[in-house]
Structure formats: structure tokens, C-alpha cells
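Quick one, fold the following:
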Amino acid sequence: QVQLVESGGGSVQAGGSLRLSCVASGRTFSGLNVGWFRQSPSQEREFVATIGWSGGWTTYADSVKGRFTISRDNAKNTVYLQMHSLKPEDTAVYYCAANRQTVLSRSTLDYHYWGQGTQVTVSS
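Residues are numbered from 1 along each chain as shown. Sure thing, here's the model as predicted:
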């Protein structure tokens, strides 16, 4: 079993930055792919970014490419999502999720472990 806990959310003005953290406990962290997803009210949960277990592979949603960076520190069992140039449409609850698949996935259905989420609010 894997437990995931997100932190780092908050309120920021458009153009600002935030860094989210996802700390894992339980089974071996280094073998996990970790993704970030987000969900705003009345919207489906959507893919943001994902990173492979070694940190060597990443993929991003087009809406955040060039503004967000996903990274990980396996020694600290932590994955980060650095967010720059934030926009009001980035407002959502951000979730981290993990799986042990051999390929990176953008689908929520492929992630077996989920955190409780952290709120990000961007004002114009």
C-alpha cells in the first residue's frame, strides 16, 4: 500500500508561482510512476503531468507545458510540481497519484494510489 500526501497549495495572483509537493510512504517509492491531476468544480479530473520512477521520463498536458515542471527526489520520497505563470484557469484541487506501470499514463484509470488533494486558487 502507498499513502500520498500533497502540500503547497494556496492562493496566488495571476502570473505568480507555487510549488506543490507529494510525499509518499508505504511501499518502495522509487519504483512508482507519479502523476499530478487537477479537478475544478463541476469538471472531470484532468491530467497535468507525470514522471517515471527514475525521473528520466516526463510528460505534460498541453495546457501547462512550458509553465509547469514535474520532478522527484527519491531519497525524500517526494515528487514536486513547480508551477509558474499561473492563470485563473489553473484554479483547482491538485492531486498526486501513483502506479507501477511500465509506461507513463495520462489516464486517471491507470493510477491506483491517490492523495487527498491540495487547493490552488489563482486570482486575476
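
quick one: the residue positioned nearest the centre of the chain from Asp73, how far?
With distances taken as Cα atoms, centre = their mean, the residue of the chain nearest its centroid is Trp36 (2.2 Å). Noted for Trp36: a distance of 15 Å to Asp73, by Cβ to Cβ, to the nearest Å. For glycine as for every other residue, the C-beta is placed from the backbone atoms N, C-alpha and C.

cool, Ser124 as well?
For Ser124 relative to Asp73 (Cβ to Cβ), the value is 33 Å.

can you check Ser40 too?
In terms of Cβ to Cβ, Ser40 sits 28 Å off from Asp73.

same check, this time on Ser11
26 Å.

again with Ala61
Ala61 sits 23 Å away from Asp73, going by Cβ to Cβ.

Repeat that for Arg106.
Counting by Cβ to Cβ, the gap from Arg106 to Asp73 is 23 Å.

Same drill for these two, tell me which one is more crowded.
Arg106 (16 against 12; other Cβ atoms under 10 Å).

Check whether the more buried one really touches Arg45, as I assumed.
No - if you go by Cβ atoms under 8 Å, Arg106 and Arg45 don't touch, sitting 11.3 Å apart.

Show me what counts as buried in stretch 48-62.
Judged by neighbour count using 16 or more other Cβ atoms under 10 Å, the buried positions of stretch 48-62 are Val48, Ala49, Thr50, Ile51, Gly52, Trp53, Tyr60, Ala61.
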